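**Student:** What would the 3D arrangement of this be:
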Amino acid sequence: MTSQRIHRAGLALAFVSSATLAFAHGDVAPQPVNTEALPDIGEEWLIENPYRDMGDQVYQEAINIGASGYNQNCARCHGLEVISGGLAPDLRFLEAEEYGDEWYMERFIHGYTQNGTTKMPAFGDLLGQKAGWAIRTYIETRPDSDMVSEYSDELKAIRDQLQAWADDASGADVAGTASKLEEIGNQIETLSGAPVADSIALRAAHQLQADPTALSQAVETLTVGLSVAH
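**Tutor:** Prediction:
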């Protein structure tokens with residue numbers, strides 16, 4: 001990370017650690033998260049993300065499951081793609097290591113109450129440990145939105161080309177486009193220090209690699225992601 005990013009991360013973590021968090025979940029009921037596809041990690045609560053060192057396949061599955069869990073339970077306050085609107089801490093800056101993990105899980109398990117008001121409900125008993133770490137994996141892999149913006153013109157051009165091929169697939173170079181998206185994705189970093197940035201470029205690349213006919217899905221991924229990034 002550059003010194004500027006380190007400075008930004010320090011400021012964000014100071015904000016995250018503050019005891020005056022100005023946000024509330026209201027009466028929204030926590031939504032269950034299906035974690036059957038993830039390996040069991042025991043009943044005793046861990047203090048470090050176990051999915052970080054279980055291989056790429058498990059890590060990606062945790063991202064996918066965590067995305068669903070986050071969007072159902074956390075996005076309302078912490079923002080789409082974990083980009084805070086200012087009322088809640090920007091969790092993208094929590095380091096992808098034991099310190100950040102421990103702080104995150106403490107809040108996930110026990111919630112946060114200030115002056116008798118619940119600012120964040122306790123999710124531990126309601127969602128369970130596997131869901132907690134899946135959501136954590138999704139959070140730590142959020143890309144640096146500034147870096148995504150640097151590639152926005154290129155990604156828009158790729159999106160438009162994919163849309164044209166979705167309308168008329170003749171002459172489509174899907175494999176080459178997927179490789180280009182993956183190349184862009186590998187240049188984008190996280191703010192947490194996690195080794196993988198689950199950017200829209202990488203997501204669209206994986207969609208096309210898994211199914212070369214998934215042109216419309218890749219177009220949607222890029223369109224929505226570019227909108228959120230701005």
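
**Student:** can we go C-alpha only for contacts and neighbour counts from here?
**Tutor:** Fine.

**Student:** First-to-last residue distance for stretch 112-120?
**Tutor:** 5 Å (C-alpha to C-alpha, to the nearest Å).

**Student:** Over to stretch 204-219?
**Tutor:** With C-alpha to C-alpha, one end of stretch 204-219 sits 8 Å from the other.

**Student:** Can you pull out the residues in contact with it?
**Tutor:** With contact meaning C-alpha atoms under 8 Å, 6 or more residues apart in numbering, stretch 204-219 is reached by 159-160, 162-163, 165-166, 174-175, 177-179, 181-182, 203, 221-222.

**Student:** Can you give me the pLDDT of Thr118?
**Tutor:** Listed pLDDT for Thr118 reads 84.

**Student:** Show me what the helix or strand hosting Glu154 is packed up against.
**Tutor:** Per DSSP states H and E, Glu154 falls inside helix 152-167. Using 3 or more C-alpha pairs under 8 Å, 6 or more residues apart in numbering; DSSP states H and E, the elements in contact with helix 152-167 are helix 215-229.

**Student:** Against Asp40, how distant is the residue of the chain positioned farthest from its centre?
**Tutor:** Computed with C-alpha atoms, centre = their mean, the maximum C-alpha offset from the centroid of the chain is found at Ser170, amounting to 34.7 Å. Distance from Ser170 to Asp40, counting by C-alpha to C-alpha: 46 Å.

**Student:** is it true that Pro39 lies in a helix?
**Tutor:** No. Counting by DSSP: H, G, I helix; E, B strand; the rest coil, one finds Pro39 to be coil, located in no helix.

**Student:** how deep is it tucked in, by neighbour count?
**Tutor:** Residues lying near Pro39 (other C-alpha atoms under 10 Å) number 13.

**Student:** what's the single longest helix in the chain?
**Tutor:** Taking DSSP state H as the criterion, the chain has its longest helix at helix 56-73.

**Student:** Buried residues of it, list them for me.
**Tutor:** 58-73 (16 or more other C-alpha atoms under 10 Å).

**Student:** just stretch 33-48 next, same as before
**Tutor:** Buried residues in stretch 33-48, counting neighbours by 16+ other C-alpha under 10 Å, are found at 33, 35, 38, 47-48.

**Student:** Output the below-cut-off pLDDT ranges for this protein.
**Tutor:** Within the chain, the stretches falling below the threshold (pLDDT under 70) are 1-28, 229-230.

**Student:** Show me the strands in it, by range?
**Tutor:** In the chain, the strands defined using DSSP state E lie at 112-114, 117-120.

**Student:** want to try a markdown table for those strands, with distance to Trp133 as columns?
**Tutor:** Formatted as a markdown table, these follow (distance: least, C-alpha to C-alpha, whole Å):
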| stretch | distance to Trp133 |
| --- | --- |
| strand 112-114 | 18 |
| strand 117-120 | 17 |
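
**Student:** Ok, which of these comes nearest Gln187?
**Tutor:** strand 117-120 (34.6 Å; C-alpha to C-alpha).

**Student:** quick one: contacts for the closest residue to Gly69 other than its chain neighbours?
**Tutor:** Distance criterion C-alpha to C-alpha, 6 or more residues apart in numbering; nearest residue to Gly69, sequence neighbours excluded, is Val33 at 5.5 Å. Residues in contact with Val33, defined by C-alpha under 8 Å, 6+ apart, are 65, 68-69, 127, 131.

**Student:** make it 10 Å
**Tutor:** By C-alpha atoms under 10 Å, 6 or more residues apart in numbering, the residues touching Val33 are 65-66, 68-70, 72-73, 126-128, 130-132, 134-135.

**Student:** try Cys74
**Tutor:** For Cys74, the contacting residues are 25, 30, 67-68, 80, 82, 120, 135, by C-alpha under 10 Å, 6+ apart.
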